[in-house]
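# any chance you can model this:
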Amino acid sequence: MRVSFLRGLTSALLLLPAAAMADDTGLHAAGAWTTDAVADLSGGLRRGGLVMHNLDLTTDWRAGEWSAHGYILGNFNGGFSDRYAGDIQTVSNIDTTPAVRLFETWVRHTSSDGKTTATFGLINLNAIFDVQDVGGLFHNSSHGIGPDYSQSGPSIFPISALGFVAEHRMGPLRLRAGVFDGVPGDANDDRRFAYIRLAGDEGAHIVAEAQYDFRGGRVKLGHWADTAAYPRIDGTANGHRSGTYGQAQVTIDDTTQAWIRTGIGQDTTLPLSAYIGGGVVRSGPFGRGDDAIGVSVAHARFGVPYRATQSASIDAETTWEVTYHYAVRKGLSLEPDLQYVVNPGGDLSVANAVVAGVRIRVDLFGS
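Presented below is the predicted three-dimensional model:
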């Protein structure tokens, strides 16, 4: 499927503000602009800074048991981790190849009792699977989706794939499963506005997750696999890619929440073999009810097959992060952020990196 970039973007910009004023018809739209100003103060590949931008334009429609969602994503001036910090986990979760893309467009049916949903279209897998609410405060990409999973290139930011997801709720237990195109977008051009190609050699990406909610928290267990064969890292043959992850989230008191997440990947076909991360977030610090402060750690370990192919000495990469969400006013926030990356990219010859940044987020409309 080929879509004209200018036609698609122009139509969206004209439609979304109108939809934002049409809540009574079942339509709602929202827009947000995020800017990250990030600098490598020491260590990493080299010192220096970059200012990156992210534009989110969404529209939602609901009528009875049916709903639909559209999402246009714009990213501008990425590449900080590749050029400066050198880390594999990516210190800014809006850092990617600059482009404007049709990120999501799907339709969903919800059963009359509200317990079962079925969703079809271009879907952000990470909006449904491996979601970590508390970790969303942090800027490092590993706290959005674990790198043990994201390294496989599934249907996540910034390019989604055609997929089908079903979910069923039985009291505190939720079961969800999805089937996605094995290769999101155009493998030869990651700047395309929209592209769908279903081919047998690309296979399918399959994921299932169980979630159990309890008073003050939840636990999740998920497993994913690609049906297509991929070259083994040691070059001996082809193999399959798969992984398993788990996470837990708890409320410690009225203002404090914590989480932990861990996962493993098939190290014969993927660089990373294991990951563990987590952190603590406190809301309303210093008497400011809309603010939040948090500290986190993300530890990614390379597999033995991958380390054997590298000329440099390779070890795990660990990133510590402290961030503060400062609500200036409704629809405007500032987030100073500090990260310390131990062994950027796992390379022991690269000095530990100190990365400082500030995020500015503005709700443009529909918040």
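# need the contact list for residue 148.
243, 245, 263-265, 270, 272-275, 300 (C-beta atoms under 8 Å, 6 or more residues apart in numbering). To be clear about C-beta, it is placed using only N, CA and C from the backbone, and glycine gets the same treatment.
# rerun that using 6 Å as the cut-off
243, 263, 265, 272, 275 (C-beta atoms under 6 Å, 6 or more residues apart in numbering).
# identify the bridge partners of the third one.
Each beta-bridge partner of residue 265 is listed here: residue 243, as defined by DSSP bridges.
# ok, now which ones touch it?
Residue 265 makes contact with 148, 243, 272-273 under the criterion C-beta under 6 Å, 6+ apart.
# what ranges does the stretch 101-250 of the chain have for its helices?
147-150 (DSSP state H, counting those that start in this stretch).
# before we move on, what about the stretch 251-367 of the chain?
Going by DSSP H, counting those that start in this stretch, the stretch 251-367 of the chain shows helices at 304-309.
# which residues in it form strands?
Counting by DSSP state E, counting those that start in this stretch, one finds strands in the stretch 251-367 of the chain at the ranges 256-265, 272-283, 292-302, 317-329, 332-342, 353-365.
# what do you get for the stretch 101-250 of the chain?
For the stretch 101-250 of the chain, applying DSSP E, counting those that start in this stretch gives strands covering 116-123, 161-170, 173-181, 204-214, 217-226, 230-231, 238-239, 242-251.
# can you dump the C-alpha atoms of the second one in CSV for me?
In other words, strand 161-170. This file holds the C-alpha atoms of strand 161-170, laid out as CSV (Å, rounded to 0.1, in the frame of the first residue of the first chain):
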residue,chain,number,x,y,z
ALA,A,161,2.5,-3.5,11.1
LEU,A,162,-0.8,-5.0,10.1
GLY,A,163,-2.1,-7.1,12.9
PHE,A,164,-5.1,-8.7,14.7
VAL,A,165,-5.4,-8.7,18.5
ALA,A,166,-8.0,-10.4,20.7
GLU,A,167,-8.4,-9.9,24.5
HIS,A,168,-10.7,-11.4,27.0
ARG,A,169,-11.3,-10.5,30.7
MET,A,170,-12.3,-13.0,33.3
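# buried residues, it. List them.
161-163, 165, 167, 169 (16 or more other C-beta atoms under 10 Å).
# surely residue 238 and residue 229 touch.
Yes - at 4.0 Å, residue 238 and residue 229 qualify as touching, with contact defined as C-beta atoms under 6 Å.
# who has more neighbours out of these two?
residue 229 (14 against 10; other C-beta atoms under 10 Å).
# tell me the predicted confidence for the more buried one.
Note on residue 229: pLDDT of 94.
# same deal with residue 201?
Predicted confidence (pLDDT) for residue 201: 88.
# residue 214 is nearest to which of the strands of the stretch 251-367 of the chain?
With C-beta to C-beta, the closest approach to residue 214 among those belongs to strand 256-265: 13.9 Å.
# dump the closest one to PDB, restricted to CA.
Extracted C-alpha coordinates of strand 256-265, given in PDB (Å, rounded to 0.1, in the frame of the first residue of the first chain):
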ATOM      1  CA  THR A 256       4.700   5.800  45.600                       C
ATOM      2  CA  GLN A 257       4.700   3.000  43.000                       C
ATOM      3  CA  ALA A 258       7.400   0.600  41.900                       C
ATOM      4  CA  TRP A 259       7.800  -2.000  39.200                       C
ATOM      5  CA  ILE A 260      10.200  -4.600  37.900                       C
ATOM      6  CA  ARG A 261      10.500  -6.200  34.500                       C
ATOM      7  CA  THR A 262      12.700  -9.000  33.200                       C
ATOM      8  CA  GLY A 263      12.900 -10.900  29.900                       C
ATOM      9  CA  ILE A 264      15.000 -13.300  27.900                       C
ATOM     10  CA  GLY A 265      15.600 -13.600  24.100                       C
END
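# now it: mean pLDDT?
Mean predicted confidence for strand 256-265 is 98.
# tell me which residues of it come out buried.
Applying 16+ other C-beta under 10 Å to strand 256-265 flags 257-265 as buried.
# now those residues as TSV including distance to residue 132?
Listed next are the buried residues of strand 256-265 as TSV, based on distance: C-beta to C-beta, whole Å:
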residue	distance to residue 132
257	11
258	11
259	6
260	10
261	6
262	12
263	12
264	17
265	18
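# return the closest of those residues with respect to residue 94.
Closest to residue 94, out of all of the buried residues of strand 256-265 and judged by C-beta to C-beta, is residue 261, at 20.5 Å.
# that closest one touches residue 247, doesn't it?
Yes - at 3.9 Å, residue 261 and residue 247 qualify as touching, with contact defined as C-beta under 6 Å.
# what's the first helix or strand after the helix or strand of the chain with the lowest mean pLDDT?
Every helix and strand in the chain was compared by mean pLDDT, DSSP states H and E; the lowest is helix 5-20, with a mean of 42. The helix or strand immediately downstream of helix 5-20 is strand 27-42, counting by DSSP states H and E.
# now the residue sitting furthest away from the middle of the chain: how far from residue 269?
Most distant residue from the mean C-alpha position of the chain: residue 236, 32.3 Å away (C-alpha atoms, centre = their mean). Distance, residue 236 to residue 269, by C-beta to C-beta, to the nearest Å: 11 Å.
# same question for residue 213.
Counting by C-beta to C-beta - residue 213 and residue 269 are separated by 34 Å.
# please apply the same query to residue 203.
Taking C-beta to C-beta, one finds residue 203 at 13 Å from residue 269.
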